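Peer 1: mind folding the following:
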Amino acid sequence: MSIFFVTGTGTEVGKTIVTAAIAALASSVAVLKAAQTGVADGEAGDTATVARLSGVAAVELARYPEPLAPATAARRAGAPPVRPKAVAAAAAELAAEHELVLVEGAGGLLVRYDDTGGTLADAAIELSAPVLVVVHAGLGTLNVAALTAEALRVRGLRCAGAVIGSWPAAPDLAARCNVADLPEVMGAPLLGAMPEGAGRLAPEEFRSVAHRALAPELGGAFEAIEFAGC
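Peer 2: Numbering: from 1, shown residues only. Predicted coordinates:
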């Protein structure tokens, strides 16, 4: 049994695509979306993306229509918030029936989920679960990646590594240098780099791309040292 939390250094960094990629390569896997914001009832959200790309039906604990932090979105919607203990309990329940559970957060690690300041990190603490950090490729990523890794360390959580959520077809100098610098500033390995546009692929091709783009620890064949020479 293994539970992994997937967070990001911010919004729109590719958390859902990375989550789908890991799920596509795994067997006996469950995906849990702690809270979906910015999506109205009946609209397709992150769980639909995961299901389409990986074939794994993801579980969504709550959704709120406005694209805000979960705590703020819940308050404005007049809806109950999702508390870290509830996220942890749902993950543990899924883990009783699956070998791997992926818990995808909303936004970054310390985004608030409830009115007491509960975060995804608090849910991971409940389960002593490792956290995978999805980062963007270019200029500015080193600072936010280092801050996220530091926030994990001070809470006693293990940073499993980083995955670049969208690797550009024509990476600039900053992106190429970041491949070597990210592991150093985070104190954790680079475990993959999903190519930009991967979310638009058909499921079979997506799985093939995921295998090349994710490290063996995540079920793929990605080698960080070889990739650093790209």
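Peer 1: from here on, just use CA atoms for contacts and neighbour counts.
Peer 2: Will do.
Peer 1: which of the helices or strands spans residue 191?
Peer 2: Element membership of residue 191 [criterion: DSSP states H and E] is strand 190-195.
Peer 1: correction: the previous question concerned residue 114.
Peer 2: Per DSSP H and E, there is no helix or strand for residue 114.
Peer 1: picking up where we left off before, outside of the strand holding residue 191, which residues touch it?
Peer 2: Residues outside strand 190-195 that contact it (CA atoms under 8 Å, 6 or more residues apart in numbering): 18, 161-169, 179, 182-183, 209-210, 213-215, 217-218, 222-224.
Peer 1: recalculate using a threshold of 6 Å.
Peer 2: 161-167, 183, 213-215 (CA atoms under 6 Å, 6 or more residues apart in numbering).
Peer 1: any chance of these in JSON lines, plus pLDDT and distance to residue 104?
Peer 2: JSON lines is the format used below for the contacts of strand 190-195 (pLDDT from 0 to 100; distance: CA to CA, whole Å):
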{"residue": "161", "pLDDT": "97", "distance to residue 104": "15"}
{"residue": "162", "pLDDT": "98", "distance to residue 104": "14"}
{"residue": "163", "pLDDT": "98", "distance to residue 104": "14"}
{"residue": "164", "pLDDT": "98", "distance to residue 104": "15"}
{"residue": "165", "pLDDT": "97", "distance to residue 104": "13"}
{"residue": "166", "pLDDT": "97", "distance to residue 104": "17"}
{"residue": "167", "pLDDT": "97", "distance to residue 104": "20"}
{"residue": "183", "pLDDT": "97", "distance to residue 104": "22"}
{"residue": "213", "pLDDT": "98", "distance to residue 104": "19"}
{"residue": "214", "pLDDT": "98", "distance to residue 104": "17"}
{"residue": "215", "pLDDT": "97", "distance to residue 104": "19"}
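Peer 1: narrow these to those in strands?
Peer 2: When the contacts of strand 190-195 are checked against strands (DSSP state E), the matches are 161-167.
Peer 1: out of these, who's the most crowded?
Peer 2: In terms of neighbours by other CA atoms under 10 Å, the ones in strands among the contacts of strand 190-195 top out with residue 164 at 31 neighbours.
Peer 1: now that residue: how far from residue 95?
Peer 2: Counting by CA to CA, to the nearest Å, the gap from residue 164 to residue 95 is 26 Å.
Peer 1: over to residue 135?
Peer 2: Residue 135 is 26 Å from residue 95, by CA to CA.
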